[in-house]
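J.: this one's structure only:
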């Protein structure tokens, strides 16, 4: 394998692995904020217990997110040094803002969130939880601005050294054309991922004990969240797709499998085997006109085909085609689960309908798969460029030997599967325990004796029984 | 504003971020290095608890150093990282291991011994890599037309291995003096003993690295030894000796904060020494800070935010340290 392919494989591996953790922790931090807020407001020990239950899981997820994230801040330089040197003046400051406004905020308040409840009191502790949740969202905002700029570069000039530099205002750089769509789509994806996981854990325990109050509460909350977010996500995804068609038509055509132009309205290809050699989708199953209906909101609107573009500018079509279908298919399954939940609630069988619980358990990991599939769609769809239309991936790489990259890729694979595999196992073990009426706080750091436990917590626990 | 040299300001900010990283993650990496020497059980748990709430914030300074370098001096970022590629990867993988160990050792008591070793080996790997990186940068990087032009093992030399070993000792000293102030009982006695020994080894390491550095490059020798600048540069070794004496005295008299502060002082002096050697180069002998800097518009955009946000970060980070002030204690583990 050549050095470029190895550099790409390594980056894809480290960034995909990393993305799994924030996809979960963004939603989980907000969920914890809601739980603690409800606990403070109602004084109900049920919320306190759920907070502690999920906090332990959050600690493990967040730790893995931090260490895999540190890797990312150096992978740009190790693997893509030419890209870093050329695009540094634009994306460097945005990423530095992410560090300063988000990473420090999360890290600074995480210690108090995890270990400080008995040291600072409930209100200040709630504030710390809010800051961590806010930090995860700010982080998503900046990094998606960077990613969107690479997809739809704007507001730049090119200086005599060949570097991308700001042309004037930073506004068009930060708020580049695809950024608002990508941000909304990704953050909702994170919320969906979390609600699916929370729902699956709740359902798992309901299948064993329908009367567990913690399991009932978390399942109900997750099913509400799913029912609300899944339809919004489909609308957001549609808007994102239209935006992509405007700015990166080749990506959308690859997603759709539209090799040839469709002057009288494009079909919607459901399945088939894209074959870029022959420039057609083999064994295609298609519905006429629906492609244009989705992409142009008009069944007869003409649509370009990939053959309108030089072949060397096509992204790898089969990858994009399939990853897109996985994402959309799972999105539809999420919508179906959300509707199923509403139906069960309407028929007052939310906690009794075992089929619903089994479906929720099965869909537990769906969010992660969809998030990664969506990420592959957008990133592979950007190829063969790092900065879309302006800088080729082949011209972005570091001057490294293939052997160095191969060895380090192997090391990453071994270490990640081992360390994060262990972490996933610990998380599953935590999830396998049903939420208890007296959920212990994370085991660590002096949890001083009951005398200093905040009154709210003690009262709350008393109330529950 | 026009008259200000923003590149100089940015060099100062990056230098501060790197220094903040070295002193903050230095002591928690140091605890990792010394971890197996603490007794299983209460001693280790105390040591771990003394850094559990803050390590994540400490490590964020490393992201700030990397991200800030990319933002302010992308050319340097693009040269140094490929030049030290295997070291960067080793450091990152080491940090992964020790980072997950914080959580995992509590989650899995049956394998706690394993995660304790992962914590130690990860800390050692990360520290040693950082030290070797420092040596590699000091000894010079082969640059052609603004890009790294060497092989992937150019960083390997007796000098870089020496700086790697020196940093291990330095971080271990920071860790031992930190623990001396944070823990109680046998763990504290152990930390005190370790700190006393490490201080002497550290003095030796500083002497050897300082003696070897001028031989790397005539320019380094000229800066340190020529008259009249020697009057100024000579203050660095003098102050180093004073700090060392105070550190040892503090240990002997049982003054719990002094040794850690003096260890920080030693690092500060080492850092100043480093700046004397390399300034204004960011890649010594090859690229100056002005050559590596981003255009002014990028500098201004980032500086406005930095000037406001960094003080706020310092504020809430200090608050977090204050919340977890004092001895970590041992009661109440589950």
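T.: That came through, no problem. Note that the structure is predicted; figures quoted are calculated from it, not measured.
J.: Name the nearest residue to the residue in the stretch 51-200 of chain B positioned nearest to chain A, sequence neighbours excluded.
T.: Closest residue of the stretch 51-200 of chain B to chain A, Cβ to the nearest Cβ: residue B:74 (2.5 Å). All C-beta spots, glycine's among them, are computed from the backbone N, C-alpha and C. Spatial nearest neighbour of residue B:74, chain neighbours left out: residue A:88 (2.5 Å); criterion: Cβ to Cβ, 6 or more residues apart in numbering or on different chains.
J.: Helix, strand, or coil at the one you found?
T.: Per DSSP: H, G, I helix; E, B strand; the rest coil, the local secondary structure of residue A:88 is helix.
J.: List the residues that contact it.
T.: Contacts here follow Cβ atoms under 8 Å, 6 or more residues apart in numbering or on different chains; on that basis residue A:88 touches A:163, B:70-71, B:74-75, B:77-78, B:294.
J.: All the strands of the stretch 301-450 of chain A, in order from the start?
T.: Secondary structure of the stretch 301-450 of chain A (DSSP state E, counting those that start in this stretch): strands at A:385-387, A:391-392.
J.: what residues does stretch B:117-124 touch?
T.: Here stretch B:117-124 makes contact (Cβ under 8 Å, 6+ apart) with B:29-33, B:35-36, B:93-102, B:104-105, B:168, B:171.
J.: Quick check: buried residues in that stretch?
T.: Neighbour-count burial for stretch B:117-124, counted by 16 or more other Cβ atoms under 10 Å in any protein chain shown, picks out B:118-124.
J.: And residue A:348, its phi and psi?
T.: Dihedral pair for residue A:348: phi 60, psi 40, per degrees, to the nearest 10.
J.: sorry, that was for residue A:151
T.: The phi/psi pair for residue A:151 (degrees, to the nearest 10) reads phi -80, psi -40.
J.: now, which of the contacts of residue A:88 sits nearest residue A:2?
T.: Lowest distance from residue A:2 to the contacts of residue A:88 (Cβ to Cβ) belongs to residue B:78, with 20.4 Å.
J.: what about that closest one, how many neighbours?
T.: 29 (other Cβ atoms under 10 Å in any protein chain shown).
J.: Just the element for it, please.
T.: If you go by DSSP states H and E, residue B:78 is part of helix B:74-83.
J.: Give the rounded mean pLDDT of the helix or strand just after that helix.
T.: Downstream of helix B:74-83, the next assigned helix or strand under DSSP H and E is helix B:85-107. For helix B:85-107, mean pLDDT rounds to 89.
J.: how much space is there between the residue of the stretch 51-200 of chain A found nearest chain B and residue B:113?
T.: Relative to chain B, the nearest point of the stretch 51-200 of chain A is residue A:88 (2.5 Å; Cβ to the nearest Cβ). With the distance defined as Cβ to Cβ, to the nearest Å, residue A:88 ends up 44 Å from residue B:113.
J.: Kindly report the same for residue B:232.
T.: Look at residue B:232 and residue B:113: by Cβ to Cβ, they are 51 Å apart.
J.: How about the lengthiest helix in chain A and chain B, touching?
T.: In chain A, assigned by DSSP state H, the helix with the most residues is helix A:3-42. No - taking Cβ under 8 Å from any Cβ of the partner chain as the criterion, helix A:3-42 and chain B are apart, separated by no less than 8.9 Å.
J.: Toward the C-terminus from that helix, list the very next helix or strand.
T.: As the chain continues past helix A:3-42, the following element, by DSSP H and E, is helix A:45-79.
J.: what residues does the stretch 101-250 of chain B put near chain A?
T.: B:102-104, B:106-108, B:146-149, B:151-152.
J.: Please list only the buried members of the residues you listed.
T.: Listed as buried from those are B:102-104, B:106-107, B:146-148, B:152; burial here means 16+ other Cβ under 10 Å.
J.: from the residues you listed, which is closest to residue A:283?
T.: residue B:152 (46.1 Å).
J.: That closest one against residue B:88, yeah?
T.: No - using Cβ atoms under 8 Å as the test, residue B:152 is too far from residue B:88 to be in contact (11.4 Å).
J.: Next, the buried residues of stretch A:393-408.
T.: For stretch A:393-408, by 16+ other Cβ under 10 Å, it's A:393, A:396-400, A:404-405, A:408.
J.: and those as JSON lines, adding distance to residue A:61 and pLDDT?
T.: Output for these, formatted as JSON lines (distance: Cβ to Cβ, whole Å; pLDDT from 0 to 100):
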{"residue": "A:393", "distance to residue A:61": "31", "pLDDT": "90"}
{"residue": "A:396", "distance to residue A:61": "31", "pLDDT": "89"}
{"residue": "A:397", "distance to residue A:61": "32", "pLDDT": "87"}
{"residue": "A:398", "distance to residue A:61": "31", "pLDDT": "84"}
{"residue": "A:399", "distance to residue A:61": "36", "pLDDT": "82"}
{"residue": "A:400", "distance to residue A:61": "32", "pLDDT": "81"}
{"residue": "A:404", "distance to residue A:61": "31", "pLDDT": "84"}
{"residue": "A:405", "distance to residue A:61": "29", "pLDDT": "87"}
{"residue": "A:408", "distance to residue A:61": "25", "pLDDT": "89"}
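J.: Strands along chain B, start to end?
T.: B:143-144, B:147-148, B:281-283, B:287-288 (DSSP state E).
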